[in-house]
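*Asks:* Turn this into a structure:
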Amino acid sequence: MNWQHQSDGLQQILTLLRQSQSPDTQIQRQVQARLEELNRYPDFNNYLVYILTKLTQEEEATRSLSGLILKNNARTQYDRFPDDVKTYIKQECLQAIGDRSALIRATVGILITTIVSKGSLQQWPSLLEHLYLCLDSPDIDLCEGAFGALQKICEDSADQLNSDMSQPLNVLIPKFIQFFLHSQPKIRSHAIACVNEFITPRAQSLMDNIDKFLENLFQLANDTDVDVRKHVCRALVMLVEVRIDRLIPHMQQIIEYMLLTSQDQDDTVALEACEFWLIIADQPICRDVIQPYLDKLLPILVKNMKYSELDIVILRGDVDEDEHIPDRMEDIRPRFHRSRTRQHGGSGDHTSLSLSSPNSTNSTNPLQNSNSMTDTNNNNTEQNNNDEDDEDDDDDDTTGTSSDQATEWNLRKCSAAALDVLSNVFREIILPVLLPLLREMLFHQNWGIKESGILVLGAIAEGCSYSLTPHLPDLIQYLITCLNDKKPLVRSITCWTLSRYSSWIVHNEVQQQKFLIPLMSELLKRILDANKKVQEAACSAFATLEEEACIQMVPYLKQILETLVHAFRKYQAKNLLILYDAIGTLADSVGNHLNRTEYIQILMPPLIERWNSLANDDKDLFPLLECLSSIATALQQGFLPYCEPVFVRCILLVQQTIESTTMAQGTAQTTEQSDKDFMIVALDLLSGLAEGLGSNIEQLVEQSNLLTLLERCVQDPMAEVRQSSFALLGDLTKACFRNVRSHLSFFLPVLTQNLNPHHVSVCNNAIWAIGEISLEIGQEIQPYVPHILDQLITIINRSNTPKTLLENTAITIGRLGLVCSQSVAADLQRFIRPWCVALRNIRDNDEKDSAFRGICNMIMLNPLGVANDFIYVCDAIASWDKPPPELHQKFQQILLTFKQEFGQDQWQQFTDRFPISLKQRLQTQYGI
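*Replies:* Modelled structure (predicted):
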């Protein structure tokens, strides 16, 4: 294409690009507005690529900026570019791939990969061949530019390359491997990075060349270039997960290499090497191959856990008091709400004695990165919910210091996470190596070494719990003392480490009497610490303690509430988020014990004051609404004085979100997760109100358009919205069914359409709501039963189904059998075994009662349906501690009927297969 620019237009755009680099924000806004106007002209993008590729005398920054603006235009509207503009841009990019400026080459590479990702490789058939030929050019700039572009394409479009019918990887991967041994380090680095993108997806062309790949990779183990060593380590770590069979013959050399590289003078290289220990810990060969090296490995990990001098500067570790310094907006990470997951009846095991609560939503966990790994900076933010995760996967991303450098995944965090997972593999085996190190570190004069020793103690809390028990009384006493250390980073890490041992303190009666009150008292003092990082760590640790102690906190509620309310008035914006969480967790933990006038008068005024001060579009509403949801559920009728304005505002938030979504659908805009969060969090608070207030909410629902809005919400394309909507529907069914009844012809088909176990939490809440509705309408649910039951039977027989989903499915099947016994009983044989297994471990409660009454009715109608699995029925019956009289009678009748049908001899043979505990329980309770 022979496009010709106009000099006046070119100068005008150059002037704008130069002005946009001005520090004056007013000028920047004016330039931005003008550039957006120019976007209306089709050849504006031609000018941008011309400036990027042709004006070699222009400042690099201006040329690069022109390319980045073009990249953004391509990202948002490439499909609307005229064909001649697309052709011109592609042509100029290929000609500029070897520009003498590294910045321009990188910008051109970014533009190329953007075009590929927005279109496809088929729409640019000459691209890969052109780049491939450039690799052999004697012009090092051209070779490097082509490799840079290929690396970006591999990163962004690996799936395209791997699935392309022309199989370009069959040519590219051998070429990349050949360049591992190039004389230029930048080329070597690009080559390894390109191949690394195809390890995890197990690209066939890489698997076919795996031997040559490993041969050339091993030759680079001691490369002098930092980036090359990083990519070598990264490749080996990925290969552990994907092709460990090819590494096993070389494992001794690899481990020794990783030991050495974990101590690399460049922390980024050491970090990549440390990832190896995290990954190898999950492999079956871990114990055999790593145990001989523990005496070398553990001291390396421990040494890496000490803050560097740069870390301390970034974290302002020498600043004792900073609570008066306002948080910057960039310090407060985006927060996404986790929708409610509903459950009919919880499992019976509520007294776990493990030393940590790894799934706690509240603990500030220094063993997490931004994707649920380690944070050793003692801080907490939130993690976005993935609806397809197991419902118990509540690990928080706990970062959030005052600088990006301090919050990103680093060597300290990775080493601590590695120690944590290795302690779970080797348990007491690591203590002979660690204990001498800990004795030296915990009492070291250097506060940084002492701090890292406390981190080590926290990291091994779970894995070494049993063997540490004799030492714990002294260690806990020492840690409580460290809460008063003069160094804030010592105080903050001590909060976290103590939270890891809170289960041992709370669930051991002797230790509880000795340590619970001192620990609680000192943590409350640290909540009011003058240092923001200590405040945050203490708040999170206290939330973990609340979850463990539950009603054991009740005698101290007044002191706790007074402290939390005091903190509410002194905290800056970021720590308020953690404080809301601690208050909400307290409400969840002590329940209606919070419903005393004295406590309500302490707690509610500052929360309502904050509620009234926030606008409807203020995202600070998210954590406050979550907190109020827990409080409303706990206070029950105690929340009535605050109910109406909260209810009305929640309705308004839902309505506003629906309206804005409807408007966005008529334009090119999309509704982001954070926009829908206003609706999700409002729906969850309405659920809390319904659960807490029960029938007292009936009048508010009747006077509102809530159920009409809910009809819209249950059809929302976003899974989290449907999840919260179904939770609310179930709660409204329980609280004010009279209001819900007239809408059931709409809701029941929608619920039935959402029984997809791939969306775990949505499916879970839909099943729960169906169970609640079935109890209310009885046989009226009959028309829906065949379709619902068929899907529930599929779910309950599915492997790897999360526990809560199985329990809810079983209870709803039982309830359907209670109200439509004849219809459901015919399918008993299809679900009775997994049904019994799912419910054998849940507590005695009303939900379990209704489900078992349903199953008893079905067994009486169709005893042959359980004949082959009757041992499972007996086991499920025996899971009851104290069944209600009516249910006890049904159980006894079923057992006696089957005993008579079997005959004495056959019954004796049958029960001889029972575990002794089962036989004794049935004999004691039912005389069988």
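
*Asks:* Where does pLDDT dip in the stretch 251-400 of the chain?
*Replies:* Applying pLDDT under 70 to the stretch 251-400 of the chain flags residues 327-400.

*Asks:* show me where it has helices.
*Replies:* 251-261, 267-280, 286-290, 294-304, 309-314 (DSSP state H, counting those that start in this stretch).

*Asks:* out of those helices, which comes closest to L121?
*Replies:* helix 267-280 (29.8 Å; Cβ to Cβ). C-beta coordinates here come from the backbone N, C-alpha and C atoms, glycine included.

*Asks:* Contacts for that closest one next, please.
*Replies:* 226, 229-230, 233-234, 236-237, 240-241, 254, 258, 261-264, 286, 289-290, 297, 301, 304, 308, 373, 409-411, 414-415, 417-418, 421-422 (Cβ atoms under 8 Å, 6 or more residues apart in numbering).

*Asks:* Can you turn the buried subset of the residues you listed into a selection I can paste into ChimeraX?
*Replies:* To isolate in ChimeraX the members of those that are buried, counting by 16 or more other Cβ atoms under 10 Å, one can use:
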select :229,230,233,234,236,237,240,254,258,261,262,264,286,289,290,297,301,304,373,409,410,411,414,415,417,418,421,422
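
*Asks:* who touches the helix or strand that contains N46?
*Replies:* In the assignment (DSSP states H and E), N46 maps to helix 44-54. Helix 44-54 has contacts (Cβ under 8 Å, 6+ apart) with 3, 5, 9-10, 13-14, 17, 38, 58, 62-64, 66-67, 69-70, 73-74, 81, 85, 88-89, 92-93, 95-96, 99, 104, 107-108, 111.

*Asks:* Point out the one among the helices of the stretch 251-400 of the chain that comes closest to V760.
*Replies:* Checked against Cβ to Cβ, the stretch from the helices of the stretch 251-400 of the chain lying closest is helix 267-280, at 25.9 Å.

*Asks:* Near T15, how many other residues are there?
*Replies:* Neighbour count for T15, taken as other Cβ atoms under 10 Å: 12.

*Asks:* Quick one: list the elements packing against the top helix by length along the chain.
*Replies:* Looking across the chain with DSSP state H, the single longest helix is helix 640-665. Judged by 3 or more Cβ pairs under 8 Å, 6 or more residues apart in numbering; DSSP states H and E, helix 640-665 is in contact with helix 597-613, helix 621-635, helix 673-693, helix 698-702, helix 706-713.

*Asks:* of all these, which has the lowest average per-residue confidence?
*Replies:* Among the helices and strands packed on helix 640-665, helix 673-693 carries the lowest mean pLDDT, a mean of 87.

*Asks:* before we move on, the earlier item: hmm, which of the contacts of helix 44-54 are the buried ones?
*Replies:* 13-14, 17, 38, 62-64, 66-67, 69-70, 73-74, 81, 85, 88-89, 92-93, 96, 99, 104, 107-108, 111.

*Asks:* could you give the mean pLDDT of stretch 833-848?
*Replies:* For stretch 833-848, the per-residue pLDDT averages 93.

*Asks:* Show me what counts as buried in it.
*Replies:* 833-840, 842, 844, 847-848.

*Asks:* Ok, stretch 508-517 next?
*Replies:* 508, 511-512, 515-516.

*Asks:* Could you tell me how far that stretch lies from the centre of the chain?
*Replies:* 33 Å (Cα atoms, centre = their mean, to the nearest Å).

*Asks:* Just the mean pLDDT for it, thanks.
*Replies:* Rounded mean pLDDT across stretch 508-517 is 86.

*Asks:* Pull up the gap between the nearest residue to C134 once chain neighbours are set aside and K487, please.
*Replies:* Nearest residue to C134 in three dimensions, chain neighbours excluded: A146, at 3.5 Å (Cβ to Cβ, 6 or more residues apart in numbering). Distance of A146 to K487, given as Cβ to Cβ, to the nearest Å: 52 Å.

*Asks:* Of those two, which one has the most company?
*Replies:* Neighbour count, other Cβ under 10 Å: between A146 and K487, A146 has more, with 27 against 19.

*Asks:* That concludes my questions; thank you for your assistance.
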